[in-house]
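K.L.:
Test case, fold it:
(chains A and B)
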Number of protein chains: 2
Amino acid sequence: MALSRQPLKGMRQLLPGEKRVEDYVTGKLADAGRAYGFEEYEAPVLEPLELFTAKSGSELAAEQSYNFVDKGGRELIMRPELTPSLARMVAASGELIYPVRWMSFPVCYRYERPQRGRVREFMQFNLDILGVDGLEADLDVFLVLRRIMTSLGATGEQYTISYSSRKLAATVLEKAGLDAEEMTLAWSVIDKRDKMKPEDWENWAGKQLEGIAGADSVMRFASCDDLGSDWLTGIAGDTPAYLELAGFSSMLESAGVAEARFEACVVRGLDYYTGIVFELMDTGGENRRAICGGGRYDDLVGLFGGQRVSGVGFGLGLLTLQLFLDTYGLVPGSVSRSHPADLFLAVFSEEQRPFAVRLAERLRNEGVSVEMDITGKNVSKQIRTADRKSIRYMAVIGPDEVESGTFTLKEMATGAETPCLESRVAETVRE
Amino acid sequence: MALSRQPLKGMRQLLPGEKRVEDYVTGKLADAGRAYGFEEYEAPVLEPLELFTAKSGSELAAEQSYNFVDKGGRELIMRPELTPSLARMVAASGELIYPVRWMSFPVCYRYERPQRGRVREFMQFNLDILGVDGLEADLDVFLVLRRIMTSLGATGEQYTISYSSRKLAATVLEKAGLDAEEMTLAWSVIDKRDKMKPEDWENWAGKQLEGIAGADSVMRFASCDDLGSDWLTGIAGDTPAYLELAGFSSMLESAGVAEARFEACVVRGLDYYTGIVFELMDTGGENRRAICGGGRYDDLVGLFGGQRVSGVGFGLGLLTLQLFLDTYGLVPGSVSRSHPADLFLAVFSEEQRPFAVRLAERLRNEGVSVEMDITGKNVSKQIRTADRKSIRYMAVIGPDEVESGTFTLKEMATGAETPCLESRVAETVRE
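P.N.:
The predicted model follows:
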């Protein structure tokens, strides 16, 4: 029986045209990071399971992941996200110069049912600042996010960066009189606020919180999107958590980050967040999954022993970002079509092949990307291949060319022909 | 108890300086591929186990790999190599324009004891041509390999590309009278020829082949490195396999690939090779593992049903290549040290911060990579950070700078100071 032609469901497989689109996007992401001095690093895909059960959340680590026992009896996991590995690297490196500004493009794995915007093997862009307690670090991270979106051609009407604060949420819930157990429940109820229709959520949340004294406050907080509202300032306006978040809001305003807005219901799913949390969303209706999620995690590096190192950063999903870009037509069509070769060398007959091989090598030495025929088919078929591959220039090497050392460069799109010496080919192609 | 600070043994973890070295090397590899019109693609890390048991060899797939059963009961493997996934992609794509010239940088996994040049999670560079039966494709692959090594600064004395032919080996063993079972044994004996000391191999091989009529021919063939030798031409000189290989040898000579040489003992471990096989080795004594191995596999794509598509290509290990480069001092020291930021902006006090944030954003808009202080420490500490990070330029934003709109750019290495207007910063930094 023949082997299956399909990869496993939800796996990442990119043909060259698709890979060029991904490269275009990752290029913009890396450029945005570099503009702020971020450096790339790499962490392993395979990790000890305990690295993720510790602080990512047990559901993610145990149920929604690829985990298994290896031949040596170790409990392993294919990373569902990058941050715990980053925290370990930072904890293990004595020689780092703080603030650490690092970015990476990890491929991650989740065992979940594939659907729009969600697959099992996916690439992320992670960007983090470590070693800074002040919200100046959080601001820098927001600035990078805005630069990413701007460099990809997105406008402030197409996306928002919603933020809230884990500290503020905890403060409000505490003031409302919730105990620890009730708070865990409230947390998950708040988290669902922007994932359901408002009226559906009202009904559902009301039932979930039935019997809890502070239920009303939980529901009011979840729907709050105004830091200056009387209710919020009344309940928490003089608390450190509120004052910190209000200060952050001013910093964003002063820096002109108009895309950012407070939304109390932003919680994010990972257990390790301790401060500001945020997500970047499409404002339109087509893409309901966050393109990016992140926040501050000041206790994660400390889990590895040694000194406490605070951190703030995000993970951005390449797939959700690409869906967003497709929705708004932001990837130029030429990106997927551009072929790496500048010049196709057709070979008239086998007699000219050794000459053509050496010529092609010399042209490559001068920086021209040359695809030469290796099929030995007739010249018209060779030219058809060059045309279908959208290679920009073409030249035929026949007996005359070998003898004279001059070639006719043909621009495939226009049909324009330029006779030129070998020594001028590189220059002409580059023009 | 604190979590371990070490990744699992043999996993791939790169700090920014190490990542820059890898990027330098992968950049050269991709450039070499692009010079011949190769396009990048991506295949999944997770694959069905049967994809590799089919033709890679059962030892590799079952014993030397990370394989497991997922939550849905599927037998999965973390790919130990890329070629079977490539063959599947080609088989599944109806729209490809042949010859297909594809390259990729897969991370692969093997469950083996880590040692010099061998780890459990590793990046490869794979490059393949599909759809061409003639050895012109094999020649192109050799030319890319030579270009890779040349572009990295290696000389022809530092490495060799040894090649042989599976067809020739089979022909010789058949002529020597070996049956199928004896041939399998002979194959593994030949394969060990260049992995042991000659005299050790002689003894060991003699014992392995005891009682086989053609043992002498096997041993002679294994030690043969001259295509024109009387013995070889006598036994196989008029066979298609010999004539093909001799023709390939002439093509290499005509193209000036002096690094390539015939060595009958090159076999390569993968079951799917059908023709020319080759490996790239350090000629020195320090690195005994092949840097690159490859060959022709004309029956692999056919395993997925549909049309037969021939292929030739190689996998090159980034780790073995880096060990080679280290041995010969071929990675410039500046590669690991170069920091992405052009300019460090120190902030005199919190009063100037909003101004500095906006200034930094404008400079980034003009293409300057700016790392701005976010620590709020005193200026001398900020400058010390910039210095330790080896950022090239520095400027302090204090009250005078805010008022006048002019800055003093300081080149950190020389201490040279240049006063300049905001509008000239980008230009000055780029000079």
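K.L.:
Please make it C-alpha for all contacts and neighbour counts, starting now.
P.N.:
Fine.
K.L.:
near chain B, which residues of the stretch 301-431 of chain A?
P.N.:
Neighbours of chain B within the stretch 301-431 of chain A, by CA under 8 Å from any CA of the partner chain: A:303-305, A:339-341, A:354, A:357-358, A:364, A:367-372, A:374-375, A:385, A:388-389.
K.L.:
What about these, which are in strands?
P.N.:
Counted as lying in strands by DSSP state E, out of these, are A:370, A:371, A:372.
K.L.:
Quote the end-to-end distance of stretch A:391-411.
P.N.:
Counting by CA to CA, to the nearest Å, you get 9 Å between the two ends of stretch A:391-411.
K.L.:
got the buried residues for it?
P.N.:
A:391-398, A:401, A:406-411 (16 or more other CA atoms under 10 Å in any protein chain shown).
K.L.:
before we move on, what about stretch A:160-169?
P.N.:
Neighbour-count burial for stretch A:160-169 flags A:160, A:161, A:162, A:163, A:164, A:165, A:166, A:167, A:168, A:169 (criterion: 16+ other CA under 10 Å).
K.L.:
Mean confidence (pLDDT) on it, please.
P.N.:
The predicted model assigns stretch A:160-169 a mean pLDDT of 96.
K.L.:
mind exporting that stretch as PDB, just the C-alpha atoms?
P.N.:
C-alpha atoms of stretch A:160-169 as PDB (Å, rounded to 0.1, in the frame of the first residue of the first chain):
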ATOM      1  CA  THR A 160      -6.300  47.100  19.200                       C
ATOM      2  CA  ILE A 161      -3.900  46.300  22.000                       C
ATOM      3  CA  SER A 162      -6.100  45.700  25.000                       C
ATOM      4  CA  TYR A 163      -4.500  45.600  28.400                       C
ATOM      5  CA  SER A 164      -5.400  45.100  32.000                       C
ATOM      6  CA  SER A 165      -3.500  44.200  35.200                       C
ATOM      7  CA  ARG A 166      -3.600  41.000  37.100                       C
ATOM      8  CA  LYS A 167      -2.800  43.000  40.200                       C
ATOM      9  CA  LEU A 168      -5.700  45.300  39.700                       C
ATOM     10  CA  ALA A 169      -8.100  42.400  39.100                       C
END
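K.L.:
what's the offset of that stretch from the middle of its chain?
P.N.:
Counting by CA atoms, centre = their mean, to the nearest Å, stretch A:160-169 is centred 21 Å from the centre of its parent chain.
K.L.:
what's that stretch in contact with?
P.N.:
Under the criterion CA atoms under 8 Å, 6 or more residues apart in numbering or on different chains, residues A:221, A:236, A:241-242, A:245, A:259-267, A:273-283 lie in contact with stretch A:160-169.
K.L.:
Try it again at 6 Å.
P.N.:
A:241-242, A:259-264, A:266, A:274-281 (CA atoms under 6 Å, 6 or more residues apart in numbering or on different chains).
K.L.:
How about stretch A:363-382?
P.N.:
A:341, A:342, A:343, A:344, A:345, A:346, A:348, A:426, B:35, B:36, B:37, B:136.
K.L.:
Can you get me the start-to-end distance on it?
P.N.:
19 Å.
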